[in-house]
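1. quick one: sequence and predicted model below, then my questions.
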Amino acid sequence: MKKIISIIIAATMLFALAGCGKDAANNSSNNQGAADGKKIIVMGTNAEFPPFEYREGEKVVGFDVEIAKKIAEKLGAELQIEDMTFGGLIPALEAGKIDFIAAGMSITEERKKNVDFSNGYYKASQVIITLKDNTEINGPEDLENKTIGVQLGTTGDEEAQKIQGAEIIQFNAGYAAIMDLQNDKLDAVVLDYEPARNFASQNDKIQILPVELTQEEYAIAVRKGNQELVDAINTVLEEMKESGEYDKLVEEYFSKE
Ligand code: ARG
């Protein structure tokens, strides 16, 4: 009997505790916006793309996050970040779950049908990554009939699909593709240059071939017709370039390894 009572007491306490925690969490997230009258602006990203966005513990950080903070500041809003798969970003934007996409997203004609882009803020390209001991692949022409890893739904994915006879393996994260390359499951990986350089700086088995497959430019995407937000973002980008903040960020996040 005693045992049963103590179990009941323990269970009640646990229940109360759990309830408590939930309330606290709810209160803090609900009140924060209301208490200081701040609105919330939601950035969508895919934090698998260092140095533009990546995780430091639980936090999403990176070059794009720094720009997003400035955008929020300009709007007098509190920045909230939603991390999701890259392919989920445009649907989430269209559904109103996020306000803008800052994810090293390249401007493409196809995407322009579904979103509006800010001015470009970073010039980028797709590159080929191979193992250092691979002497067979020296350029795009050597990728025919090879097994190539890409990040799903990216411009690198699109570019790789054009290669004759190649088998394209799509990953949710570029890093996972690099791991499979290292484990000899892939012949090459096609990825954006800066993340490729970031991965290569931490992995002495891989190399980046000195050829650019594409010329691209990253921009921030907003819902179609949201001109007000595009204008605000463009103003922020301009101001950051004028004040030298932009160059400071470049130095901080793209310092030569
Ligand atoms: N620039 C490429 C694209 O637009 C890849 C971007 C991937 N970004 C990311 N956060 N995972 O498709």
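-> Now that the structure is in, tell me what you want to look at.
2. contacting residues for the nearest residue to residue 53 once chain neighbours are set aside?
-> Nearest residue to residue 53, sequence neighbours excluded (CB to CB, 6 or more residues apart in numbering): residue 62, at 4.1 Å. To be clear about C-beta, it is placed using only N, CA and C from the backbone, and glycine gets the same treatment. By CB atoms under 8 Å, 6 or more residues apart in numbering, the contact list for residue 62 reads 47, 49-54, 253.
3. 10 Å - rerun?
-> 45, 47, 49-56, 68, 102-104, 249, 253 (CB atoms under 10 Å, 6 or more residues apart in numbering).
4. from the residues you listed, keep the buried residues only.
-> Among those, those classed as buried by 16 or more other CB atoms under 10 Å are 45, 47, 49-54, 68, 102-104, 249, 253.
5. farthest pair within the residues you listed?
-> The most widely separated members of these, counting by CB to CB, are 47 and 249 (17.1 Å).
6. one step back: so which of the contacts of residue 62 reach the ligand?
-> Restricting these to those adjacent to the ligand (criterion: CB under 6 Å from any ligand atom) gives 45, 49, 53, 103-104.
7. name whatever forms a beta bridge with the nearest residue to residue 132 once chain neighbours are set aside.
-> Leaving out its chain neighbours, the residue that sits closest to residue 132 by CB to CB, 6+ apart is residue 207, at 4.8 Å. Beta bridges link residue 207 to residue 130, judged by DSSP bridges.
8. quick one on the thing from earlier: filter the buried ones among the contacts of residue 62 down to the ones in helices?
-> Judged by DSSP state H, helices contain the following of the buried ones among the contacts of residue 62: 68, 249, 253.
9. surely the first one touches residue 82?
-> Yep, that's residue 68 we're talking about. No - in this structure, residue 68 is not within contact of residue 82 by CB atoms under 10 Å, at 11.3 Å.
10. so for the two, which residues contact both of them?
-> Here residue 68 and residue 82 have 42-45, 60, 99, 101 as joint contacts, going by CB under 10 Å, 6+ apart.
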